[in-house]
Every structure is written in structure tokens, then in C-alpha cells.
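>>> quick one: sequence plus predicted model below, questions after.
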Amino acid sequence: MIEIEHLTKRYGDTIVVDDVSFQVKEGTVTAIVGTSGAGKSTLLRMINRLVEPTSGRVLIDGEDTRSIPEDQLRHRIGYVIQGYGLFPHRNVAANIATVPRLLGWDRKRIAARVSELLELFQLDPVEFSTKFPHELSGGEQQRVGVARALAARPALLLMDEPFGALDAVIRAKAQDELLAIQRRLGTTILLVTHDMNEAFHLGDRIAVMDEARLVQHAAPAELLMRPADPFVEQLVGTAERPFRLLALTKVRDALEPGSAEGEPITLSDTLHDALSQLMWTGRDALPVADASGALVGRVSVSGILDHGRRFA
Ligand code: ADP
């Protein structure tokens, strides 16, 4: 668990992060959102001490980060920035191996870890290990950047606008891939983004920053239902609210008895997915299957709309 306690950063007379406290549960994703200049990146960099806090502290599993030598801290905390920061004169394998090498892992262990990570990110190890960053597409560089950050199995991964340079289609794929890998490895992630869709898609919790202060730290649904102030309300978007809520609600929550024609949707899909499929196919109900593929009921347009109205 990560505990952020009264973190404050001043530059001269300017407070850029003002008394921010919140906790991050192990294995969760927290998205930090807010307008440009709100202090998001500074907050993130105080966690791995790239920026030294003026006051306040960060505890990782109860241990004050100030008591951990900086180099050790950087090995325990992965860091990914926009632009990926890959070393241009090192090939992909050497880039990913950076921290394991510093930690003195033996060659065999490093080689195995590099292959494992490349496979995890769906990059063929034989093809990609010896490529150099300039030979990769933006999406591939981004994956190598994340793979490198995960190489030594850090307890915590900090990501600052990691998908900022990707176009919309690749960005959506990269987000899904990150989420799948995060769920599989159980990595705790703190991610800065200015994209509310990204925050809602990835965040188990969302931390909203405005003018150096943390104005709300809550689950996405809570943020939509009970925004702390007009700033948050505007940020989450009044018009998008029903759609965002549908995207946070699973088909299992609007399951009806009975059957329907067509391609089934699964219990763990969202009502947003179901509504898209209903609109796309022009049907008014879809069959619902469980994880094993067995049909368990149906979901209908009117059922989804009823569900949506409860949020209104
Ligand atoms: P965000 O990530 O939300 O866009 P930042 O944390 O990058 O915000 O910056 C917050 C504020 O702190 C900005 O006004 C920025 O100009 C200022 N700032 C950041 N780093 C420094 C620095 N090293 N010296 C002085 N001011 C800084």
C-alpha cells in the first residue's frame, strides 16, 4: 500500500502541490487528473523522489521513502513518461534489461525476463530484441517503455501521460493491454492523464487535482454521482455522465430472465458495450452468456435505460 501524507511542494513563494494526502491500495490503478499546471506531475515525481517534497511524506508498505536510498527506490518504483525515454543507442533487449543489470541479475535470468516481457507485450522476442528504438513505431516504443519499467517487478509503477503521443486507435489498444497486464501481475499503478476517458477506463480510483490541491479522491462512479465541487462536476462532464455510468456498470447488474436472438454478450461486459451492440445490430435485446459460454438470460434496451434513469 502507498500512503501519501500531507505532500507539499513549493518553488519560492509558489505552492505547486498543497497538502495532498491519499492512500493507494495494492494492486489498484489510480488516475490523477486535472487541468494543466495543477501539480499532477510534481505530485508523481515526489513519490519516487525525482522531486524532493518541501514537506509531507510517502510510505510504501509502511516504510518512509526518505529512509530508502534513492537508487533502491528507483528500482522499486517503475517510471514511464510520455516519449518513453528509451535509450536510443541501446537495443530493445538492453533497454528492458537496464534495471535488472543494475541489480546484478545474471545473464540467463535477464534474458529470460526480457523474453517473458516481450511476449507479454506481444512483441516477438526474436524479431524485436535486437531492434533499436528508432526502428519501432510509436506504439511499439510505448510498449517497450512499459516493459522496461516492469522489468524488475516493481511494487509500484508511476506513469506520466504514458499514452499521450499515441493516436486514438493505438491508444485504446495500449490502454486495454496495460489493464490486462496490470490485472495479471497485480501491479499498483499511479497514472497522470489529462484524458477523462482514460481515467474512467483505467482508474479504480480517480484523484482530481485543481490549483495544487486534491479536490476529490474517489471511485469513478462516486465521482460521477457525487462530485465534490463544480470543478469536478465540469471535469467529469454532465453530458457524458450517463454514458460513463453505463461504462462502469456490468451486464450482470441489468440481467433479465429469458432469451433473445443474436450474438451473446457476457456478464462481465459493460452496459455501454451492450447498448453499443444493441444499437449496432438494431435489436432490442441480446442473449447473455456467462464466462463458460452458457446462456443465462437477456439484456434489453429498456432494461438498460431503466438502469440509466436510476443514475439521473
Ligand atoms: P501538471 O502536471 O498538472 O501539468 P506540474 O506538476 O507539471 O503540473 O506543474 C505544476 C506547476 O509547478 C506549474 O505551474 C509549473 O510551472 C510549476 N513547476 C514545475 N516544476 C517547477 C520547477 N522546477 N520550478 C518552478 N516551478 C515549477
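Sure thing, it's come through. Numbering: from 1, shown residues only.

>>> show me the helices in the stretch 201-312 of the chain, by range?
For the stretch 201-312 of the chain, helices defined by DSSP state H, counting those that start in this stretch occupy the ranges 220-225, 230-236, 241-248, 271-281, 301-311.

>>> using a markdown table, lay out these together with mean neighbour count.
The way it works is simple: take the backbone N, C-alpha and C, and place the C-beta from them, glycine included. Shown next, in a markdown table, are these (neighbours: other C-beta atoms under 10 Å):
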| stretch | mean neighbour count |
| --- | --- |
| helix 220-225 | 19 |
| helix 230-236 | 16 |
| helix 241-248 | 19 |
| helix 271-281 | 17 |
| helix 301-311 | 14 |
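
>>> of these, which is nearest the ligand?
Shortest distance between the ligand and the helices of the stretch 201-312 of the chain, using C-beta to the nearest ligand atom, is found for helix 230-236: 12.9 Å.

>>> so can I have CSV of the helices of the stretch 201-312 of the chain showing distance to R49?
Written out in CSV, the entries for those read as follows (distance: least, C-beta to C-beta, whole Å):
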stretch, distance to R49
helix 220-225, 29
helix 230-236, 29
helix 241-248, 34
helix 271-281, 39
helix 301-311, 41
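
>>> redo these as a markdown table? Include mean pLDDT and distance to I47.
Formatted as a markdown table, the entries for these read as follows, by pLDDT from 0 to 100; distance: least, C-beta to C-beta, whole Å:
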| stretch | mean pLDDT | distance to I47 |
| --- | --- | --- |
| helix 220-225 | 88 | 22 |
| helix 230-236 | 89 | 23 |
| helix 241-248 | 82 | 27 |
| helix 271-281 | 88 | 32 |
| helix 301-311 | 78 | 34 |
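
>>> quick one: closest of those to D19.
When those are ranked by proximity to D19, the top entry is helix 230-236, at 17.3 Å, counting by C-beta to C-beta.

>>> return the alpha-carbon coordinates of the closest one using CSV.
The C-alpha atoms that make up helix 230-236 are tabulated as CSV, following Å, rounded to 0.1, in the frame of the first residue of the first chain:
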residue,chain,number,x,y,z
PRO,A,230,-18.4,22.4,-9.6
PHE,A,231,-14.9,22.0,-10.9
VAL,A,232,-15.1,18.2,-10.6
GLU,A,233,-18.6,18.3,-12.0
GLN,A,234,-17.5,20.1,-15.1
LEU,A,235,-14.4,17.9,-15.5
VAL,A,236,-16.4,14.6,-15.4
